[in-house]
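1. how does the following fold in three dimensions:
(one chain, ligands or ions: 1)
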Amino acid sequence: MDSDERYHMTADEFRRVGRSVIDWIADYYENIEGYPVMSQVKPGDIRAELPPLPPQQGESFDQVLEDVERIILPGVTHWQSPNFFAYFPANTSGPSILGELLSAGLGVQGMLWQTSPACTELETHVLDWLVEMMDLPEKYKSTSSGGGVIQDSASSASLCALLAGRERATAYASNEEGIHERLTAYASTQAHSSIEKAVKIAGIGSSNLRLIETDETYAMRPEALARQMFEDRQNGYTPCFVCATLGTTSSNGIDPLERIGPICRAEGVWLHVDAAMAGTAAICPEFRHLLRGLDYADSYCFNPHKWMFTNFDCDCFYVAERKALIDTLSILPEYLRNKSSETGQVIDYRDWQIPLGRRFRALKLWFVIRHYGIDGLQYHIREHVRLAQEFAGWIEQHPDFEIAAPAPLNLVCFRHKNGDIFNRELLDRLNQSGELYLTHTTLDGEFTLRLSVGQTHTEHRHVERAWTQIQQTAKVLENSE
Ligand code: PLP
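-> Model (predicted):
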């Protein structure tokens, strides 16, 4: 062996263990229902199994894989189990996993067009495809004034949108006079916590984030938004950013864009729309009414890494005016200057995001879209919605349970009528059983269970069994009281 190759994994070894890793993943999916969905370990259990110091000499990869099975698996919560109904999904699929693997194999860092033209151009192209597939506003296409980019997460997308809104409102002035502290941002009380985080990071400050009240469907009240902006202007503040949510995390509330949009237009305020989970539904024409009014939005994001069979991380972020984003985020040091960028004919995605470096995420999204086709994606999204709606119907018909919020898509919020303590205990017992995994929220101060259908392999039998377990566990609990 060439001495320079000492310690490295040889191509033959890579082939051998690589195949066994693929086999391992395939077996994992075949056997996944045998694992407790929520990991049952206690804090510190996993670390206690790991040696205190790293190995001096390299170990065999077979040994490493054995330890994955023995040490790591017990500490894994099985997000890809069809009995996973917690949070929002973070689903994946064979083509996505293979796309991720290939991306790692190519090891591309696509900060500039020049650092790997295919990384940039495939991303632009796939994001344009999605505009077509979902009938999103034409202005989000790269062939118009705007365009799309893959971010790691909806949190990053919202932060970028907020920064662009801040810069637009202050005409890119520096903050020497503390002008950022006189800006205000708006989202509903049900918006995701990432909006508050973004407001803190952007120097606007949590106290300048106005949380707008919601109606009985947990959707933002546009008249309350308009009133709050008016008051803020009266008090010398400058509204710079509104985040409307399509599919809030707690209950899948849908903010009315058709009414929020004109308010933002009239005020000249950046409107960002966060559809992290629900956005995927727009693949199906019958759900596109939820996006009505999106034409007003300066930016929009949704996460294929939630519900579109594309593993974490993959958030699609669109802007109507790419110049606004690029002017906000672009800084050009000498060492990144290059001829291709100077032609002005290429996209350098480093200017569309917070970090400089970026992975080749478009591969997995491309693989997913090509594998499933629009038909396949529509089929599974419709199935998930149908299963959630059937579950909602069972809840409605049961005398001891009630629906806690409208269920426009694949999330059902519900509770037992015996009150908070009962529901809390019910949830704990269900999750400790390992048979399924649900999480909770509070709605109007009441403890509420959430059943979110979106794991790739969830079928009717899984939802039916979850409902049987919920009823049986509630009965046992009632009898023990
Ligand atoms: N926005 C909404 C509505 C969400 O539901 C979530 C996560 O569940 C997020 C944002 C944050 O997503 P990410 O993990 O991609 O930042």
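2. just give me the neighbour total for residue 429.
-> Number of residues near residue 429 (other C-beta atoms under 10 Å) recorded here: 14. Quick note: C-beta positions are derived from backbone N, CA and C, even for glycine.
3. Three-state assignment for it, please.
-> helix (DSSP: H, G, I helix; E, B strand; the rest coil).
4. thought residue 473 was touching it, still the case?
-> Yes: counting by C-beta atoms under 8 Å, residue 429 does reach residue 473; the two are 5.2 Å apart.
5. from memory residue 156 sits against residue 315, does it?
-> Yes: Residue 156 lies in contact with residue 315 (C-beta under 8 Å); the separation is 6.9 Å.
6. of these two, who's got more company?
-> residue 315 (25 against 19).
7. quick one: name the residues of the stretch 151-300 of the chain near the ligand.
-> Within reach of the ligand by C-beta under 6 Å from any ligand atom, the stretch 151-300 of the chain has these residues: 153-155, 192, 194, 245, 247-249, 274, 276-277.
8. out of those residues, which end up buried?
-> 153-155, 192, 194, 245, 247-249, 274, 276-277 (16 or more other C-beta atoms under 10 Å).
9. could you work out the most separated pair of the residues you listed?
-> Across these, the longest distance by C-beta to C-beta is 16.7 Å; it joins 153 and 248.
10. re earlier: list just the nearest of the residues of the stretch 151-300 of the chain next to the ligand to residue 375.
-> residue 277 (21.8 Å).
11. need the pLDDT of that closest one.
-> pLDDT for residue 277: 98.
12. hang on, it packs against residue 88?
-> Yes: between residue 277 and residue 88 there is a contact under C-beta under 8 Å: 4.3 Å.
13. who touches both of the two?
-> Taking C-beta atoms under 8 Å, 6 or more residues apart in numbering as the contact rule, residue 277 and residue 88 both touch 249, 306-307, 411, 454.
14. what segments of the stretch 251-400 of the chain are helices?
-> Assignment of helices within the stretch 251-400 of the chain using DSSP state H, counting those that start in this stretch yields the ranges 257-267, 304-307, 322-329, 339-343, 362-397.
15. which of those is buried the deepest?
-> A comparison of the helices of the stretch 251-400 of the chain by mean neighbour count, using mean count of other C-beta atoms under 10 Å, puts helix 304-307 on top with a mean of 28.
16. so what touches that one?
-> Contacts for helix 304-307 (C-beta under 8 Å, 6+ apart): 88-91, 153, 276-277, 280-281, 310-316, 365, 368, 381, 384, 410, 454.
17. 7 Å instead?
-> Contact with helix 304-307 is made by 88-91, 276-277, 280, 310-316, 365, 454, as judged by C-beta atoms under 7 Å, 6 or more residues apart in numbering.
18. list just the nearest of those to residue 11.
-> The closest of the contacts of helix 304-307 to residue 11 turns out to be residue 311 (C-beta to C-beta; 26.0 Å).
19. in which helix or strand does the residue nearest to that closest one when sequence neighbours are not counted reside?
-> Excluding the flanking residues, the one nearest residue 311 by C-beta to C-beta, 6 or more residues apart in numbering is residue 92, at 3.6 Å. Using DSSP states H and E, residue 92 maps to neither a helix nor a strand.
20. make sure residue 92 is actually in contact with residue 308.
-> No: when contacts are counted by C-beta atoms under 7 Å, residue 92 is not listed as touching residue 308 (9.8 Å).
21. please say which of the two ends up with more neighbours.
-> residue 308 (30 against 23).
22. once you drop chain neighbours, what's closest to that one?
-> residue 280 (4.6 Å).
23. per-residue pLDDT, the one you found?
-> Residue-level pLDDT assigned to residue 280 equals 98.
24. which residues touch the helix or strand containing residue 223?
-> Following DSSP H and E, one finds residue 223 within helix 222-234. By C-beta under 7 Å, 6+ apart, the list of residues contacting helix 222-234 from outside reads 184, 186, 210, 212-213, 239, 242, 256, 259-260, 263, 267.
25. with stretch 103-117 instead?
-> 119-120, 336, 338, 340-341, 346-350, 356-361, 363-364.
26. mind running it again at 8 Å?
-> Stretch 103-117 is contacted from outside by 119-121, 123, 336, 338-341, 346-350, 356-361, 363-364, using C-beta under 8 Å, 6+ apart.
27. quick one: the residue nearest to residue 308 from residue 157, how far?
-> Distance of residue 280 to residue 157, computed by C-beta to C-beta, to the nearest Å: 15 Å.
28. give me the more crowded residue out of those two.
-> residue 280 (32 against 29).
29. from the ligand, how far out is that one?
-> With distances taken as C-beta to the nearest ligand atom, to the nearest Å, residue 280 is found 12 Å from the ligand.
30. what's that residue in contact with, if anything?
-> Contacts for residue 280 (C-beta under 8 Å, 6+ apart) come out as 302-304, 306-308, 381.
31. domains in this protein, as residue ranges please.
-> Split into domains by automatic domain parsing, the chain comes to 108-359, 368-480.
32. looking at these, which one is packed in the most?
-> Comparing these by mean count of other C-beta under 10 Å gives domain 108-359 as most buried, with a mean of 20.
33. just how off-centre is the helix or strand encompassing residue 28 within its chain?
-> According to DSSP H and E, residue 28 maps onto helix 11-31. Remark: helix 11-31 is offset 28 Å from the chain centroid, using C-alpha atoms, centre = their mean, to the nearest Å.
34. mind listing what's buried in it?
-> Result for helix 11-31 [16+ other C-beta under 10 Å]: buried residues 17, 28-29.
35. quick one: contacts of the helix or strand just after that helix?
-> Downstream of helix 11-31, the first helix or strand assigned by DSSP H and E is helix 45-49. With C-beta under 8 Å, 6+ apart as the test, helix 45-49 has contacts from 70-72, 74-75.
36. which among these count as buried?
-> Neighbour counting by 16+ other C-beta under 10 Å classes none of the contacts of helix 45-49 as buried.
37. ok, is stretch 352-363 in contact with the ligand or not?
-> No: if you take C-beta under 6 Å from any ligand atom as the test, stretch 352-363 misses the ligand, and the best it gets is 12.5 Å.
38. send the alpha carbons of that stretch over as CSV?
-> Extracted C-alpha coordinates of stretch 352-363, given in CSV (Å, rounded to 0.1, in the frame of the first residue of the first chain):
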residue,chain,number,x,y,z
TRP,A,352,-28.9,34.1,-0.2
GLN,A,353,-28.2,32.6,3.3
ILE,A,354,-26.4,33.3,6.6
PRO,A,355,-23.4,30.8,6.3
LEU,A,356,-20.9,31.0,3.6
GLY,A,357,-20.7,27.2,2.9
ARG,A,358,-23.5,25.0,1.7
ARG,A,359,-24.2,21.4,1.0
PHE,A,360,-25.5,19.9,-2.2
ARG,A,361,-29.0,19.5,-0.9
ALA,A,362,-30.8,19.8,-4.2
LEU,A,363,-29.7,16.3,-5.1
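39. for the remainder of this discussion, apply numbering that starts at 13.
-> Okay, using 13 as the starting number, the last item reads as stretch 364-375.
40. stretch 100-120 and the ligand, are they touching?
-> Yes: interface with the ligand: stretch 100-120 contributes residue 100 (C-beta under 6 Å from any ligand atom).
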